Structures are given as C-alpha cells and as structure tokens.
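Asker: mind folding the following:
(2 chains)
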Amino acid sequence: MTRLYTKEHEWIDVDGTTATVGITDYAQGQLGDVVFVELPEAGRAVTKGGEAAVVESVKAASDVYAPVSGTVTEANAALADDPALVNSAPEAEGWFFKLTLADAGELDGLMDKAAYEAFLASL
Amino acid sequence: MLATIGAASIDDLFIDVPEAARLDGPIAGLPNHASEMAVERKLGAMAAKNLTAGTVPFFLGAGAYKHHVPATVDMVIQRGEFLTAYTPYQPEIAQGTLQVLFEFQSQVARLTGMDVANASMYDGSTAMTEAVFMARRITRRKKAIVSAGVHPHYTRVLETLTRFTDDEVVAGTPSLTAGAPGHDMDALIAAIDGATSCVIVQNPNLFGHIADLTPLADACHAAGALLIVVVTEVVSLGAIMPPGAMGADIVVGEGQSLGAGLNFGGPYLGLFATRDKYVRQMPGRLCGETVDASGKRGFVLTLSTREQHIRREKATSNICTNSGLIALAFSVHMSLLGEKGLAHLAALNHARAVQLADRLARIPGVSVPNGPFFNEFTLLLDRPARAVVRKLADKGVLGGVSLERLWPGVKAVENAMLVAVTETATDEDFDALEDALDEVLG
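Answerer: Numbering: from 1, shown residues only, chains lettered A, B, ... in the order given. Now for the predicted structure:
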C-alpha cells in the first residue's frame, strides 16, 4: 500500500484500484476542533481536484478535494457520531471516504511522504 | 454618470418597472405642496374611510389571522433588554436573548412534532422557499411539486425566488372538490418521479381542508423525495395532528397567529422545523443549551457559523438573521397559553367556525364544500364572490376573502370565498355577517 499526499493536505492510500482518502495531521491542526464532516454518499463520482467533502471546525469550513477521480464506495460512518476522530486520528480512524480509481495515472502528480514533509517545511 | 453606466436618460433606469406601473408625470389632483397640518388632516380623513379589523365584524383569514393577543405580550417584548437587542452577533453575552430563542425553538419543534426548529425565518412564504432549497441540497434533485392547496402567494414567492435558478416548480390548479376542496393528494402522488426533490402541501390547506398526509409522506420517501408541510395557522396545531406525526421531513409555517396580531401584513414570523438528520442543511441559526466552565446552565449559538463567520461561501442560505422580536412575542403568547390553553383556544376556534358554517350554509344560494376543517372554510356562492365581498364591505362587514382575488382569472374558484372564524368573533358579528350575506344574495 502506498500513501501519497496533495498540496491541499489530503492523503490517499492506494491499494490496487481502490483507495482511502483523509486529511493530514497538519490539516487537522490548522482547522482546530472538527465539529462536523459532510461526506459524499456511496456511488457518487468525484473528479481529481473537485469538491468531495466538507470539514467544519470551530474556526473554519473547508472543502476536501478528491486527490484523484473515481467513484465513492464508502464514507466513514464513524465521523457522523464522532467528528473529533479527525483530530485524534487524522491519518487512521479519521479517514473520510474510500473510492475506486478511474485512472491510476492521476496518482503521478502526487507527493510521497518525504516530498510532502519538504512541502510543509516550505510553508 | 448616466453615460458611464450606459443609460440615455433617468427614465432608462426604471425600464424594469412594468410600464403600466410607471409614473409619466405629476400625480393628478395632488397639489405641489401643502402644510404638515393640512396633510395630516387630509390623510386622516382618507384613512377614516377604511374598515379596520378591530372595529367591524371581521372574518378574513387566508394566511393572516386575527387572534386576541394579551396585553402582557406587548408589555414583555417592550422591555428594553429585548426590544433594543439586535440579533446576537456576539451571542454569548446576550444570554437572555439566546434563552428566549432556545425556548422558542423548543415550542416550535413540539408544536410541529419535529426534532429540531431554527431561531425563525422572515415569514411563512420565504420559509417555504428555503425548505425547497434545503430539499434540493439533500436530494440533489431540483423538481418541487406544489399542491394546489398551498397559498398561491407562497407559491408566487417560490416562483420569484427560483426565477433565476434552474429549480423546476410544478404547481397544481385549484378545484373545489366536494368534501375536500383543494385536496389533490392522488395527483401529487402520481406526479412524483425520480427527479422530484420534494412535494409541498399545506395543512389545513388554503380552502380549510384538513388531511391525513401519511400516504403522501410514504410515497415521497419511497421515491427518495422529501415532504414539506406548510402551516399558515399555527393555532390549528392545538387541535389537529402535527405534520411531524404524519411523516413530514420539513415543516414550515407562519407564526403570526400567536403574539403578532395582523400588524398591517408584517413583520411576520417564519417557522422552520426538520428532522435531526437534516439539521446541518437547515437554513438560519440554531441556539443550544450547554454548561459553562463551572457547570452552570448557559446558552450558545450552536449553529451560526455557516452563514456569518466561517462558511460564507458554503452557506445554506443567505438568511443571517431571524425575526427575533416577533419570535419573542410568539413565545410569550405561547407561554401564557400553555399546552392546555392552546388546546382550549383551538377547540374554541373550531367550535365557533362550525357554528358559523352551519348558519351560513342555510342561506339560499350558499353551500360549504368542506369536509373536515379547523377555523376557516370555503363558501360556495351562486355568483362571483368578489362582488359579494365588496357589497358586504359596503354594509360594514368584512366577510371573507374571495378566492378569485388569490387566483385572478381562475374561473373554477370565482364563486368561492374563504371565511375565517377566531375567538375574537362575537355572536353579534355572526348575526351581522348572516344578515348582510342574506341581503346581498337575496
């Protein structure tokens, strides 16, 4: 399994043609206490760079973009009852949604962990 | 300046106003100037020609109801702490205002039988439009089906506010079906398809008919659509089953009946209630109860972020405020009545309306097409109702609202008028209307 990152601070775990998407620890730190996550329903088609979810904290409401195009297969139901999972475990239990990839080639432009850390250091 | 914006003349600025409504010169018969005293005297004499709701037999309803508002309501809402406080933008310092809104929301949720209500909207018609927008956000569909029993002015507001969106509004045409005027549930159910976001019905409907909406709710839900129920007379909820108990997803209403009085047509009070699962898509703000750092009860604006602070571009609506003072008046009136008082008031309204309907139906040329109704019913006459209403007014009786006034040019309703009866109508008022109608039709 490979974990890749976007400049919008989403992470994506790719496993063959399926993937899991969430926001990074850096992103949750910037948002502050998350109070609500609006997730896409299963079956919805998302496009790379398009709005896929909304995360609302006490400080801000932000879009979460799809790192790649695909079809949503599952949203993290645990976030409905406990949105704070995004703060406590952003890169594990606080995942947002799973999808099947439309075009694995779209992964090429994403960053690996080292590149993302270098990107964070440059901010 | 005209050249900069591309207008040839001042008149060009007004071309969006229909020509018939534009002024093309001085108003005929109006002097260029007059003293303040002369103007007061002239306008006072003109105003004295009006028949006012409080001084004549009065049976007008159709969305605005004349109920007795206890003097206590005015006394409480005129306290400076309430009267001068604007809608809270720095909310937590205004604990009194927040508590009032919290109590208001609780009352509205209980009245409508729903899980949650917001801190109010501007009025019933704009609340209805917001409900349609909310249904679209939830279902991601854009067709709204409107029952012919919904107040046509509400439907017009919906049509106006969707004029430049791509929402599709399908509105029914009214009919005076015996036993169930304006009732079109079968047609509504047949019209629901995979593109339908919501069906909107009014209960009691504009004609006064009361229906069990459960089959409609089931049909909506089976097709993935929402049921929006409009209530224009909230006092009815003291006597009939609340929309929430019949499967409504969103309930909107006009709260004017409690606390506000007729108020020259506004400001009124929009009520908005929904299910827990849709609360994040609800427009407006929501106050909540919580505890402070030392464990004491306190109130907060639980949902306000979306419109004002951090979610502006993701707002569910552009309503950033609420009808705070009218909501307070509603809550004070509701609190004075209490649960039993409201039920008693509703029962009284209904009993009086039944009495009057029975009396009027005995007049030759008059029938009442209604089956079950609350405090308002339809009178079917043997001639166009609009002229009859005018002749009743000439006799000093405001006897009802002609339906042709609400649906101009619609022949099917031309001979019908609405009669509303509240606790304010006396036996003498009943006599006056009965006698006047008998004379006019005789």
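Asker: quick one: list the elements packing against the helix ranked longest in chain A.
Answerer: As assigned by DSSP state H, the longest helix anywhere in chain A is helix A:113-121. Contact analysis of helix A:113-121 by 3 or more C-beta pairs under 8 Å, 6 or more residues apart in numbering or on different chains; DSSP states H and E lists strand A:2-5 as its packing neighbours. To be clear about C-beta, it is placed using only N, CA and C from the backbone, and glycine gets the same treatment.
Asker: buried ones in the strand it packs on?
Answerer: Neighbour-count burial for strand A:2-5, counted by 16 or more other C-beta atoms under 10 Å in any protein chain shown, picks out A:3-5.
Asker: give me the helices and strands touching that strand, please.
Answerer: For strand A:2-5, the packing partners by 3+ C-beta pairs under 8 Å, 6+ apart come out as strand A:10-15, helix A:113-121.
Asker: can I get the longest helix of chain A as CSV, trimmed to CA atoms?
Answerer: In CSV, the C-alpha atoms belonging to helix A:113-121 read as follows (Å, rounded to 0.1, in the frame of the first residue of the first chain):
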residue,chain,number,x,y,z
LYS,A,113,5.8,11.3,2.4
ALA,A,114,9.3,12.9,2.1
ALA,A,115,8.1,15.3,-0.6
TYR,A,116,5.1,16.3,1.5
GLU,A,117,7.2,17.0,4.6
ALA,A,118,9.5,19.1,2.5
PHE,A,119,6.4,20.9,1.2
LEU,A,120,5.2,21.5,4.8
ALA,A,121,8.7,22.8,5.7
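Asker: next, the angle strand A:10-15 makes with that helix.
Answerer: 180 degrees (axes from the mean of the first three to the mean of the last three C-alpha atoms, to 10 degrees).
Asker: and helix A:113-121, what's buried?
Answerer: Going by 16+ other C-beta under 10 Å, helix A:113-121 has these buried residues: A:Tyr116.
Asker: what lies in contact with it?
Answerer: Outside helix A:113-121, the residues that touch it by C-beta atoms under 8 Å, 6 or more residues apart in numbering or on different chains are A:3, A:5, A:7, A:24, A:26, A:111.
Asker: 10 Å - rerun?
Answerer: A:2-7, A:9, A:11, A:24-26, A:110-111 (C-beta atoms under 10 Å, 6 or more residues apart in numbering or on different chains).
Asker: what's the average pLDDT for that helix?
Answerer: The average of the pLDDT scores along helix A:113-121 is 95.
Asker: now that helix, how far from the centre of its chain.
Answerer: Counting by C-alpha atoms, centre = their mean, to the nearest Å, helix A:113-121 is centred 16 Å from the centre of its parent chain.
Asker: now swap in stretch B:339-359 and tell me
Answerer: Taking the mean of its C-alpha atoms, stretch B:339-359 sits 20 Å from the chain's own mean (C-alpha atoms, centre = their mean).
Asker: likewise stretch B:106-122?
Answerer: Between the centre of stretch B:106-122 and the centre of its chain there are 15 Å (C-alpha atoms, centre = their mean).
Asker: for it, buried residues please.
Answerer: For stretch B:106-122, a neighbour-count test (16+ other C-beta under 10 Å) marks B:107-114, B:116-122 as buried.
Asker: for chain A, which segments are assigned as helices?
Answerer: A:25-31, A:78-81, A:85-88, A:113-121.
Asker: okay, those in JSON lines with distance to B:Thr72 next?
Answerer: Listed next are those as JSON lines, based on distance: least, C-beta to C-beta, whole Å:
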{"stretch": "helix A:25-31", "distance to B:Thr72": "47"}
{"stretch": "helix A:78-81", "distance to B:Thr72": "43"}
{"stretch": "helix A:85-88", "distance to B:Thr72": "48"}
{"stretch": "helix A:113-121", "distance to B:Thr72": "62"}
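Asker: ok, which of the ones you listed comes nearest B:Glu428?
Answerer: With C-beta to C-beta as the measure, helix A:78-81 is the member of the helices of chain A nearest B:Glu428 (59.8 Å).
Asker: that closest one: which residues count as buried?
Answerer: Across helix A:78-81, burial judged by 16+ other C-beta under 10 Å covers A:Leu79.
Asker: tell me how far it lies from the chain's centre.
Answerer: Relative to the chain's own centre, helix A:78-81 is displaced by 15 Å; criterion: C-alpha atoms, centre = their mean.
Asker: with stretch B:15-25 instead?
Answerer: 30 Å.
Asker: buried set for it?
Answerer: By neighbour count on 16+ other C-beta under 10 Å, the buried set for stretch B:15-25 is empty.
Asker: in chain B, which spans are helices?
Answerer: For chain B, the helices defined by DSSP H occupy B:2-5, B:36-47, B:71-77, B:80-83, B:95-112, B:124-139, B:152-161, B:185-191, B:214-222, B:305-308, B:324-361, B:385-394, B:403-406, B:427-441.
Asker: and the contacts of helix A:113-121, which is closest to chain B?
Answerer: A:His9 (17.3 Å; C-beta to the nearest C-beta).
Asker: show me the shaky parts of the stretch 51-200 of chain B.
Answerer: Applying pLDDT under 70 to the stretch 51-200 of chain B picks out residues B:86-89.
Asker: chain A contacts on that one?
Answerer: With C-beta under 10 Å from any C-beta of the partner chain as the criterion, the stretch 51-200 of chain B meets chain A at residues B:Arg140.
Asker: which residue does the stretch 51-200 of chain B have closest to chain A?
Answerer: Across the stretch 51-200 of chain B, no residue is closer to chain A than B:Arg140, which sits at 8.9 Å (C-beta to the nearest C-beta).
Asker: quick check, central residue of chain A?
Answerer: When C-alpha atoms, centre = their mean is applied to chain A, the residue found nearest the centroid is A:Gly22 (2.6 Å).
Asker: rewinding a little: for B:Asp394, find the nearest of the helices and strands packed on strand A:2-5.
Answerer: Smallest distance to B:Asp394 across those (C-beta to C-beta): 72.9 Å, for strand A:10-15.
Asker: please state the offset of the closest one from the chain centre?
Answerer: With C-alpha atoms, centre = their mean, you get 8 Å for strand A:10-15.
Asker: list the helices and strands it packs on?
Answerer: Packing contacts for strand A:10-15, counted by 3 or more C-beta pairs under 10 Å, 6 or more residues apart in numbering or on different chains; DSSP states H and E, involve strand A:2-5, strand A:18-23, helix A:25-31, strand A:97-101.
Asker: can you mark which positions in that strand are buried?
Answerer: In strand A:10-15, counting by 16+ other C-beta under 10 Å, buried: A:10-14.
Asker: which one among the residues you listed gets closest to chain B?
Answerer: Proximity to chain B was ranked across those by C-beta to the nearest C-beta; first place goes to A:Glu10, at 17.7 Å.
Asker: give the bridge partners for that closest one, please.
Answerer: For A:Glu10, the beta-bridge partners are A:Ile23 (DSSP bridges).
Asker: what of the one 4 residues further on?
Answerer: When bridges are assigned using DSSP bridges, the partners listed for A:Val14 are A:Thr2, A:Ala19.
Asker: list the contacts for the closest residue in space to B:Glu423 that isn't next to it in sequence?
Answerer: Distances taken as C-beta to C-beta, 6 or more residues apart in numbering or on different chains put B:Leu348 closest to B:Glu423, at 5.2 Å, once the chain neighbours are dropped. Applying C-beta under 10 Å, 6+ apart, we find B:Leu348 in contact with B:235, B:238-239, B:375, B:421-423.
Asker: likewise for B:Leu271?
Answerer: B:Leu271 is in contact with B:104-105, B:107-109, B:111-112, B:114, B:117-118, B:120-121, B:123-124, B:127, B:230-231, B:234, B:251-256, B:323, B:327, B:330, counting by C-beta under 10 Å, 6+ apart.
Asker: quick check, the residue in chain A closest to chain B?
Answerer: Per C-beta to the nearest C-beta, A:Ala61 is where chain A lies closest to chain B, at 3.8 Å.
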